[in-house]
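Participant: Just the structure for this:
(one chain, ligands or ions: 1)
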Amino acid sequence: MVLCAVRQHLLRGSRGAWARFLQRQSRGCVYSSVHGFQQEEIREKLQAFPGGSIELLTQESGLAVLTINYPSRMNAFSGSMMVDLEERVSQLEGWTDGKGLIVQGASGTFCSGSDLNAVRALSNPQDGMKMCMFMQNTLTRLLRLPMISVALVEGRALGGGAELTTACDFRVMAPGSVIQFVHKHMGLVPGWGGAARLVRIVGSQNALKLLGGAVKVDPELALQIGLAEEVLQREGAGTPLQRAENWLSVYTKGPAPVIQAVKKVVLSGRELPLSEALRTEKDVFGTVWGGPANMQALASKSKHR
Ligand SMILES: CC[C@@H](C(=O)O)C(=O)SCCNC(=O)CCNC(=O)[C@H](O)C(C)(C)COP(=O)(O)OP(=O)(O)OC[C@H]1O[C@@H](n2cnc3c(N)ncnc32)[C@H](O)[C@@H]1OP(=O)(O)O
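Facilitator: Numbering: from 1, shown residues only. Okay, here's the model as predicted:
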């Protein structure tokens, strides 16, 4: 609760319209102390399961790359990586020049979900719920970042890894890659918010099939049901990351405040009831109307007459 309140205070000061949106959306977090969630308590518990890392590269282009890095475990999320991810999301929330984000896995595969060793150690209901709330808070904040995000799926995105792909605005897939919600095979359902987001991406009937059947979603099926936007063909120029950056750059070309405003108005349209979404759109519009990019565009157009 403290962290969410602090973030809320900071955002209110610096970006009023966006802060009001987060305020309307439960402070940017889903869970707080009123839900029995103590962020620092679960952080300490998760830190007890070390291994791997979450790397973040922010670039002058305004595109950041977040890498899930635990190749010896197929990029499974250790407990400390869950804490790392929350810290990287906090960094991105403070990145005022950010326009786009690519989430990828190291060594040519995306992520094989929770580290099963940590899962076994956290298997009691209380700890499981706390890990679930921690990851739901983090992935909700990831999806709400005021930048356009894309999951670059190579190899396999399994379980929590599949859920992580749904916490990005888009998914692009390499040939031969697979997104699979394997939870049923674990006697589980998604716990990191993946089911709620999947329904909003592919619809409830496709979501039921993917979860009920633990379907291996290849790029062709992903395109067909709207889970992926693009298949990065092998003959494409450059590495899969370069091709993903090229894809994303089409939608992030322009001043950061304008691109951030685009994400904010779409996000509020997606999450808020119509009247609130309209009010948020008005607020965000007010942050760019008469702004540097708007004035420059007007000046250039007046020259053309
Ligand atoms: C909310 C969801 C969340 C949760 O409930 O907490 C979850 O995500 S539960 C976990 C869901 N994920 C899985 O069930 C995937 C488990 N892994 C696999 O099925 C396979 O490893 C693979 C990913 C399909 C790859 O298979 P393969 O190519 O045959 O390689 P290996 O199986 O030999 O794996 C190499 C190496 O990596 C270790 N590994 C892989 N995944 C995990 C994982 N999720 N947790 C811990 N370790 C993992 C695997 O044990 C191998 O290590 P070594 O045995 O030491 O070589």
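
Participant: From residue 139, how far off is residue 206?
Facilitator: Taken as C-beta to C-beta, to the nearest Å, the spacing of residue 206 relative to residue 139 amounts to 20 Å. C-beta here means a position set from N, CA and C on the backbone, and glycine is covered the same way.

Participant: One more: residue 230?
Facilitator: Look at residue 230 and residue 139: by C-beta to C-beta, they are 22 Å apart.

Participant: got it, and residue 215?
Facilitator: The gap separating residue 215 from residue 139 is 21 Å, by C-beta to C-beta.

Participant: Of the two, which one has the most company?
Facilitator: The residue with more neighbours, out of residue 215 and residue 139, is residue 139; 24 against 17, by other C-beta atoms under 10 Å.

Participant: Which of the three states applies to that one?
Facilitator: Three-state assignment for residue 139 (DSSP: H, G, I helix; E, B strand; the rest coil): helix.

Participant: ok, it touching residue 165?
Facilitator: No: using C-beta atoms under 8 Å, residue 139 makes no contact with residue 165, being 10.4 Å away.

Participant: what about residue 230, distance to the ligand?
Facilitator: Distance of residue 230 to the ligand, given as C-beta to the nearest ligand atom, to the nearest Å: 24 Å.

Participant: Equivalent analysis for residue 135, please.
Facilitator: Look at residue 135 and the ligand: by C-beta to the nearest ligand atom, they are 7 Å apart.

Participant: For that residue, give me its contacts.
Facilitator: Residue 135 makes contact with 82, 160, 191, 192, 193, according to C-beta atoms under 8 Å, 6 or more residues apart in numbering.

Participant: Kindly recompute the last result at 7 Å.
Facilitator: 82, 192 (C-beta atoms under 7 Å, 6 or more residues apart in numbering).

Participant: which SS class is it?
Facilitator: Applying three-state DSSP: residue 135 is helix.

Participant: for residue 66, same thing?
Facilitator: strand.

Participant: Quick check: bridge partners of it?
Facilitator: Under the criterion DSSP bridges, residue 66 forms beta bridges with residue 56, residue 103.

Participant: And it, what's its pLDDT?
Facilitator: pLDDT for residue 66: 98.

Participant: State whether residue 123 is indeed within a strand.
Facilitator: No: looking at residue 123 with three-state DSSP, it is coil, so not inside a strand.

Participant: Report the contact partners of it.
Facilitator: Not one residue lies near residue 123 by C-beta under 7 Å, 6+ apart.

Participant: Ramachandran coordinates for it?
Facilitator: phi -80, psi -10 (degrees, to the nearest 10).

Participant: can you pull the pLDDT of it?
Facilitator: Residue-level pLDDT assigned to residue 123 equals 82.

Participant: which SSE is the closest residue to residue 215 other than its chain neighbours in?
Facilitator: Closest residue in space to residue 215, ignoring its immediate chain neighbours: residue 209 at 6.1 Å, by C-beta to C-beta, 6 or more residues apart in numbering. Per DSSP states H and E: residue 209 is located in helix 204-212.

Participant: Check residue 200 too.
Facilitator: Following DSSP H and E, one finds residue 200 within helix 194-202.

Participant: does the ligand sit close to that helix?
Facilitator: No: Helix 194-202 is not in contact with the ligand by C-beta under 6 Å from any ligand atom; minimum separation 7.3 Å.

Participant: So what touches that helix?
Facilitator: If you take C-beta under 7 Å, 6+ apart as the criterion, helix 194-202 is touched by 162, 163, 166, 167, 181, 189, 207, 210, 211, 225, 226, 227.

Participant: Go ahead and confirm the fifth one touches residue 208.
Facilitator: No: under the contact definition of C-beta atoms under 7 Å, residue 181 does not touch residue 208, with a separation of 10.9 Å.

Participant: low pLDDT regions in the stretch 101-250 of the chain?
Facilitator: 236 (pLDDT under 70).
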